[in-house]
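# coords please:
(4 chains)
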Number of protein chains: 2
Amino acid sequence: MEKNTLTQLSRIKANLKQLLSSGLLQAAQKLPSERELSAQFSTTRITIKEALLALEIEGLIYREKRRGWFVCPPRLVYNPLSRCHFHQMVNDQQRKAQTQVLAVHTQLADNEQSQLLALDKISQLFCIHRVRHVDNRPVLYVKNCLISELFPDILQQDLSQSLTQLYLREYGYQTQRSSFEVTLCGADQQVASALNLTQGQQVLKICRVNYQQQGTIIDCEFEYWRPDAVKIAIDSATG
Amino acid sequence: MEKNTLTQLSRIKANLKQLLSSGLLQAAQKLPSERELSAQFSTTRITIKEALLALEIEGLIYREKRRGWFVCPPRLVYNPLSRCHFHQMVNDQQRKAQTQVLAVHTQLADNEQSQLLALDKISQLFCIHRVRHVDNRPVLYVKNCLISELFPDILQQDLSQSLTQLYLREYGYQTQRSSFEVTLCGADQQVASALNLTQGQQVLKICRVNYQQQGTIIDCEFEYWRPDAVKIAIDSATG
DNA sequence: AAGTGGTCTAGACCACCCC
DNA sequence: GGGTGGTCTAGACCACTTC
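Modelled structure (predicted):
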């Protein structure tokens, strides 16, 4: 049987949790600095950091690189099978959505992309990199990869809107079916910088492939979410 | 622009990654101890630990409490919408499955359970706690909560088998529809101890509600996965 | 310029696992 | 009983954000 050890760590965690649930701190508000907290709890910064990391794992607080620790706002509820687009989903949940195009380029499909898109020959892709905000916080980095032959001149369009709607309006492609995978991974330089993370911090990765009416592939998408910002919810009835 | 700082940390991570991809270490094999590694890399245990934690986030290695660090075996691919049961899913992926019943008890539904089960009055529940292994590693702690009125005498059955099949065979309840939520959280004492985790380590939580033919609720289920052990994959066509 | 988190050193004791 | 990771101290310098 395990002893019920009362460590510094659990004492600090309990205190901080009480502070968070007391409502003294608003959502997205900054916590005192690590140095201040270590003074208040008469301990070292390393121990404080461990306590903060534990609360981060529980989804109570989040970090912005070299800016500090903040209280988590409520999570966005996200159904990756829903045909509803990002701005509508966010608005439906009484939050404010924003999308910013970071970069657009053409490239040859790499291994991962070729496999997801089921390409049997080397193909040219359009890649669209965007960052999406909820209530002014960047929470999602998303890269869409499209087979360029199927989307002539799409790079001349306004790409900060819903791509799903753009596909339908300009090319007549409607998402009929999609498949996706969810994993956790470390943020690379690009993702980290867009989401104000430290490189290597954990993000939730969703790889999705969209299929149109005839069953052929439209595009594939790589989503990298701040893990504290989202809750995946799926119902087989409403697929 | 960010400077391309070459830290100790990234040096150690790169070296360890090379070691892992070299194939010198087999899946589930133990890494050298933190003290050994800190000597090899001429650094302190804290820095080594940070490097190991980073690799844990990337899903390359995992910990067992006070036993050491190990190489991650390939992930189990899991579709929570599939009607396929655990043992079959694991066998289909050429892995070995095992289920162990930890505890069974009756209790009154708490808030979370009442809400998931859509109970409008205080109800008695059967709760079945089990741990599931893949290739002899405990990777999933699962708690099933059933409304006791609907499942007379179920506690006399062998509960290490598939409950879905038991529901069908003994009571005629077939899962027709299910809904679920995915989040990350810290492991509590029970979960941690069953999965050889340290309390507070991150686990992937899946809350699921199953509905039978007539649309009424069968049970709800709380799954806690070792995050490195699983990859969620869903296809709207095969739902 | 001041303050923040990110990284790092050089130790220590403890609870628990394995032999 | 020896070795492991878990926890903890008391500092330090650096890169970056904010003012």
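# keeping just the C-alphas, turn the helix or strand containing residue A:180 into CSV.
Assigned by DSSP states H and E, residue A:180 falls within strand A:177-186. Only the C-alpha atoms of strand A:177-186 are listed here, as CSV (Å, rounded to 0.1, in the frame of the first residue of the first chain):
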residue,chain,number,x,y,z
ARG,A,177,-16.7,11.8,-45.7
SER,A,178,-13.6,12.4,-43.6
SER,A,179,-11.2,10.3,-41.6
PHE,A,180,-8.8,11.5,-39.0
GLU,A,181,-6.2,10.6,-36.4
VAL,A,182,-5.5,12.1,-33.0
THR,A,183,-2.2,12.0,-31.3
LEU,A,184,0.0,14.1,-29.0
CYS,A,185,3.4,15.4,-30.0
GLY,A,186,5.9,18.2,-29.4
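# so what does whatever helix or strand comes next after it touch, helix or strand wise?
Sequence order places helix A:189-195 as the next helix or strand after strand A:177-186, per DSSP H and E. Packing partners of helix A:189-195 (3 or more C-beta pairs under 8 Å, 6 or more residues apart in numbering or on different chains; DSSP states H and E): strand A:124-134, strand A:137-147. All C-beta atoms are positioned from the backbone trio N, CA, C, and that covers glycine.
# hey, which of those strands is tucked in deepest?
Ranked by mean neighbour count, these are led by strand A:137-147 with a mean of 22 (mean count of other C-beta atoms under 10 Å in any protein chain shown).
# mean confidence score for it?
If you average the pLDDT over strand A:137-147, you get 96.
# residues of chain A that sit close to DNA strand D?
Counting by C-beta under 7 Å from any atom of the strand, chain A comes close to DNA strand D at A:7-9, A:42-47, A:50, A:65-67.
# so which of the helices and strands packed on helix A:189-195 gets nearest residue B:95?
strand A:137-147 (31.6 Å; C-beta to C-beta).
# next, the angle from that closest one to strand A:124-134.
160 degrees (axes from the mean of the first three to the mean of the last three C-alpha atoms, to 10 degrees).
# and for residue A:12, the neighbour number?
22 (other C-beta atoms under 10 Å in any protein chain shown).
# hmm, it is touching residue A:51, no?
Yes. Residue A:12 is within contact range of residue A:51, at 4.2 Å (criterion: C-beta atoms under 8 Å).
# report the contact partners of residue A:34.
Listed by C-beta atoms under 8 Å, 6 or more residues apart in numbering or on different chains, the contact set of residue A:34 reads A:45, A:48, A:49, A:52, A:69.
# tell me the helices and strands packed up against the strand holding residue A:180.
strand A:202-211, helix B:45-57, strand B:230-235.
# which residues touch it?
Outside of strand A:177-186, the residues within contact range by C-beta under 8 Å, 6+ apart are A:80-81, A:199-211, A:215, A:227, A:232, B:54, B:57-59, B:75, B:182, B:184, B:204, B:227, B:231-237.
# could you do stretch A:163-170 as well?
So stretch A:163-170 is contacted by A:83, A:85, A:128, A:144, A:151, A:154, A:157, A:159, A:173-175, A:210, A:218-219 (C-beta under 8 Å, 6+ apart).
# so can I have JSON lines of the residues you listed showing secondary structure?
JSON lines is the format used below for the contacts of stretch A:163-170 (DSSP: H, G, I helix; E, B strand; the rest coil):
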{"residue": "A:83", "secondary structure": "coil"}
{"residue": "A:85", "secondary structure": "coil"}
{"residue": "A:128", "secondary structure": "strand"}
{"residue": "A:144", "secondary structure": "strand"}
{"residue": "A:151", "secondary structure": "coil"}
{"residue": "A:154", "secondary structure": "helix"}
{"residue": "A:157", "secondary structure": "coil"}
{"residue": "A:159", "secondary structure": "coil"}
{"residue": "A:173", "secondary structure": "coil"}
{"residue": "A:174", "secondary structure": "coil"}
{"residue": "A:175", "secondary structure": "coil"}
{"residue": "A:210", "secondary structure": "strand"}
{"residue": "A:218", "secondary structure": "strand"}
{"residue": "A:219", "secondary structure": "strand"}
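# quick check, nearest of the residues you listed to residue A:16?
Closest to residue A:16, out of all of the contacts of stretch A:163-170 and judged by C-beta to C-beta, is residue A:85, at 37.2 Å.
# would you mind giving the helices and strands packed on helix A:189-195 as JSON lines with distance to residue B:115 added?
Shown next, in JSON lines, are the helices and strands packed on helix A:189-195 (distance: least, C-beta to C-beta, whole Å):
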{"stretch": "strand A:124-134", "distance to residue B:115": "25"}
{"stretch": "strand A:137-147", "distance to residue B:115": "26"}
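# out of the contacts of stretch A:163-170, which end up buried?
By neighbour count, with 16 or more other C-beta atoms under 10 Å in any protein chain shown, the contacts of stretch A:163-170 hold A:128, A:144, A:151, A:154, A:159, A:173, A:175, A:210, A:218, A:219 as buried.
# coming back round to it: out of the residues of chain A next to DNA strand D, which touch chain B?
Filtering the residues of chain A next to DNA strand D for neighbours of chain B using C-beta under 8 Å from any C-beta of the partner chain leaves residue A:46.
# ok so, going back, what angle do the strand holding residue A:180 and helix B:45-57 make?
Using the same axes, to 10 degrees: strand A:177-186 against helix B:45-57 is 170 degrees.
# which residues of chain A score low on pLDDT?
Chain A contains residues with pLDDT under 70 at A:1-5, A:238-239.
# chain B contacts on that one?
So far as C-beta under 8 Å from any C-beta goes, chain A lies against chain B at A:2, A:13, A:46, A:54, A:57-59, A:75, A:80-81, A:177-186, A:189, A:193, A:200-202, A:204, A:227, A:231-237, A:239.
# for DNA strand C, which of the helices and strands packed on strand A:177-186 is the nearest?
Checking those against DNA strand C by C-beta to the nearest atom of the strand gives helix B:45-57 as the closest, at 3.8 Å.
# and the closest one, anywhere near DNA strand C?
Yes. Helix B:45-57 is in contact with DNA strand C by C-beta under 7 Å from any atom of the strand, via B:45, B:46, B:47, B:50.
# how about those residues in TSV, adding distance to residue B:165 and neighbour count?
Shown next, in TSV, are these (distance: C-beta to C-beta, whole Å; neighbours: other C-beta atoms under 10 Å in any protein chain shown):
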residue	distance to residue B:165	neighbour count
B:45	48	14
B:46	49	10
B:47	50	17
B:50	45	17
